[in-house]
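**Q** Please find the sequence and the predicted model below.
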Amino acid sequence: MTANGATLMHSVPPQQGLLLGTLAAHAGLPRKPLLGTQTAEVSTPPALPNNAHVTPLFQTSVFDFDSISSGLEQVVGQGAYGYGRMGLPNAHELGAAVAALEGAEAGVATSSGMGAISAAILSTVSAGDLVIAQQDAYGGTTEFFRRDLPRYGVTVRFEDTNDLGHLEKLFFGPDSDSAPRAPTTAKTEPNLYDEGQSLQNGSEKGLRASTEVETCSCRCTCRDSQSGASTSEDSGLGGLMSGARGRARKVVIFAETVSNPLLMLSDVRALAKLAKRAGALLIVDNTFRTPLRSQPLAEGADLVIHSATKFLGGHHDLLAGAVVGSAMLVDPIRDFVKRMGLWAAPLDAWLAVRGIRTLQVRVEKAWANAATLGRQLEGDPRVTAVAWHEKVALVTFAVVGGFRGADAAVAAFRLITLSTTLGGVTTTVSHPASSSHASLSVAQRGELGISDGHLRLSVGIEESEDLWADLDRGLSAAAAVNRDRRAVI
Ligand SMILES: *Cc1c(COP(=O)(O)O)cnc(C)c1O
């Protein structure tokens, strides 16, 4: 590849060429065509400074045209860069890099993970459509789904997407074991996220019948906070395939590969199978697991989302996101991103690509640390619950003493900072009850299994002995608070 006139390679399916770690280290504009490259999408970046090893930061909002005719080419989408909101080189590079890691044909890089989620959802659904979301999805996702989507006539239901039997019943009725069939029972309680709808059609009951109260038990505060917009005449959620006005109702299933904060792992393969049978689109947020651990597209997901703010960027210094998948699905999302002004900013995209180049060594160290801490916590009498997995850089545990215990632990940490993020090189801790899950009542959190004493660590790349010493300090502080309180009582 020459320095001038280089093209952006948007797709390098890993199974056809290099191993993922190599691909990550070479993230960005390849200097030579990589093995097994398939260019699903080619853009022509501006001439690079002679043989620059790394794509420079193109911190510009516009590229000038040589002539009116070359400007016209840009307008009709011939690939030259022009006005920045239509796309800039560093953002293209990030979209291509994430696509390559996920084995996707195409990708688009956005201003944040929520930019990616909102673009993927809003460019896909229309009024009358249905989104089935993981009940313990990321807080920002949950807020978007429950506050915004209903206002546009999109029905949202929060479900336990880890309970495949439950989903099966939801889609295919209570008697379903394999084939879709007409459900037989009805419930008429209103859908919290789509108030105004009521069940009218007997053929649409499978979904309704099986959602019952547990569907919304963890999110009942939303009744006050969501708009309650309805989708006019159509009501049956079970009318998955034939929705309002005779139009096919589109169904989107939205899940995360690891739930927050209790770290439940999704069975993407099974979800994808179910989505296919139901004619639904499966969107998977792979932020927590990273493409090095989980490849949702290969398991049958239709679109994959990342908050590059987290592990991909990895240094707590940028905000960016990405949506990747087939060109057929991603192209309209990219167009939406252009219309809505959602592209990743140049510096953030540049930093994210740089972060991806060290992704493998960072996450491997973090995974190892997390496993060490997880094992040690499991045997520690000062904690009441621990969740951790091999190859997940997060560890969630509950300290004794509830809120006061958690507060004391966090105050005692010296290395570990209280930060509402994750995925960086330094270990951070979050307190779900006061941050990501603060909008839920104590009872609702309880149903999800989240206590006031829960803390979620995002484990960094420090030495595990130092991390354990810090954790130990915190756990002792929590235990002391607990003892003192008992003494007072
Ligand atoms: C942080 C996060 C997001 C949102 O990403 P932003 O970059 O903060 O907009 C979405 N999903 C998950 C799982 C996240 O952790």
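**A** Thanks, I have it.
**Q** buried ones in whichever strand or helix holds Leu471?
**A** Here Leu471 is covered by helix 464-488, with elements defined by DSSP states H and E. For helix 464-488, the neighbour count (16 or more other Cβ atoms under 10 Å) marks 464, 467-468, 470-471, 473-475, 477-482 as buried. Where you see a C-beta, it was placed from the backbone N, CA and C, and this is true even at glycine.
**Q** any chance of the residues you listed in JSON lines, plus distance to Val425?
**A** Formatted as JSON lines, those follow (distance: Cβ to Cβ, whole Å):
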{"residue": "Ser464", "distance to Val425": "14"}
{"residue": "Leu467", "distance to Val425": "12"}
{"residue": "Trp468", "distance to Val425": "18"}
{"residue": "Asp470", "distance to Val425": "15"}
{"residue": "Leu471", "distance to Val425": "18"}
{"residue": "Arg473", "distance to Val425": "21"}
{"residue": "Gly474", "distance to Val425": "20"}
{"residue": "Leu475", "distance to Val425": "23"}
{"residue": "Ala477", "distance to Val425": "25"}
{"residue": "Ala478", "distance to Val425": "26"}
{"residue": "Ala479", "distance to Val425": "29"}
{"residue": "Ala480", "distance to Val425": "31"}
{"residue": "Val481", "distance to Val425": "30"}
{"residue": "Asn482", "distance to Val425": "32"}
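**Q** SS state for Val156?
**A** strand (DSSP: H, G, I helix; E, B strand; the rest coil).
**Q** Nearest residue to Gly84 in space, please, no chain neighbours.
**A** Nearest residue to Gly84, sequence neighbours excluded (Cβ to Cβ, 6 or more residues apart in numbering): Ser61, at 4.2 Å.
**Q** Run a quick neighbour tally on the one you found.
**A** Ser61 has 10 neighbouring residues, counting by other Cβ atoms under 10 Å.
**Q** Give the rounded mean pLDDT of the helix holding Leu471.
**A** Mean pLDDT, helix 464-488: 89.
**Q** Kindly report the same for stretch 414-429.
**A** pLDDT averaged over stretch 414-429 gives 97.
**Q** List of residues touching that stretch?
**A** Under the criterion Cβ atoms under 8 Å, 6 or more residues apart in numbering, residues 287-288, 307, 309-316, 362, 369, 393-394, 410, 413, 430-431, 435-436, 455-462, 466-467, 470-471, 473-474 lie in contact with stretch 414-429.
**Q** can you tell me which of these are up against the ligand?
**A** When these are checked against the ligand using Cβ under 6 Å from any ligand atom, the ones in range are Thr287, Phe288, Ser307, Thr309, Lys310.
**Q** and the two most separated of these?
**A** Phe288 and Thr309 (12.3 Å; Cβ to Cβ).
**Q** what is in contact with those two at once?
**A** With the criterion set as Cβ under 8 Å, 6+ apart, the contacts of Phe288 and Thr309 do not overlap.
**Q** Which elements pack onto whatever helix or strand Ala406 lives in?
**A** For Ala406, the host element (DSSP H and E) is helix 402-412. For helix 402-412, the helices and strands in contact under the criterion 3 or more Cβ pairs under 8 Å, 6 or more residues apart in numbering; DSSP states H and E are strand 394-399, strand 454-458, helix 464-488.
**Q** Name the strands paired with the shortest one and say parallel or antiparallel.
**A** Looking at strand 454-458 with DSSP bridges, its paired strands and their directions are strand 394-399 (antiparallel), strand 428-430 (antiparallel).
**Q** Who does the residue in the stretch 201-350 of the chain that the ligand sits nearest to form a beta bridge with?
**A** Residue of the stretch 201-350 of the chain nearest the ligand, by Cβ to the nearest ligand atom: Ser307 (3.0 Å). Beta-bridge partners recorded for Ser307 (DSSP bridges): Gly321.
**Q** pretty sure it is touching Thr290, no?
**A** No. Applying Cβ atoms under 8 Å, one finds Ser307 not in contact with Thr290, separated by 11.0 Å.
**Q** pretty sure Leu347 is in a helix, no?
**A** Yes. Counting by three-state DSSP, Leu347 falls inside a helix.
**Q** quick one: low-confidence parts of the stretch 151-300 of the chain?
**A** Within the stretch 151-300 of the chain, the stretches with pLDDT under 70 are 176-247.
**Q** how about the residues of it near the ligand?
**A** Residues of the stretch 151-300 of the chain lying near the ligand (Cβ under 6 Å from any ligand atom): Glu256, Asp285, Thr287, Phe288.
**Q** in the sheet, who's paired with the first one?
**A** When assigned by DSSP bridges, Glu256 has beta-bridge partners Asp285.
**Q** That one against Gly140, yeah?
**A** No. Counting by Cβ under 8 Å, Glu256 stays clear of Gly140, with 11.8 Å between them.
**Q** More neighbours: which of those two?
**A** Ranked by neighbour count (other Cβ under 10 Å), Glu256 and Gly140 place Glu256 first, with 25 against 15.
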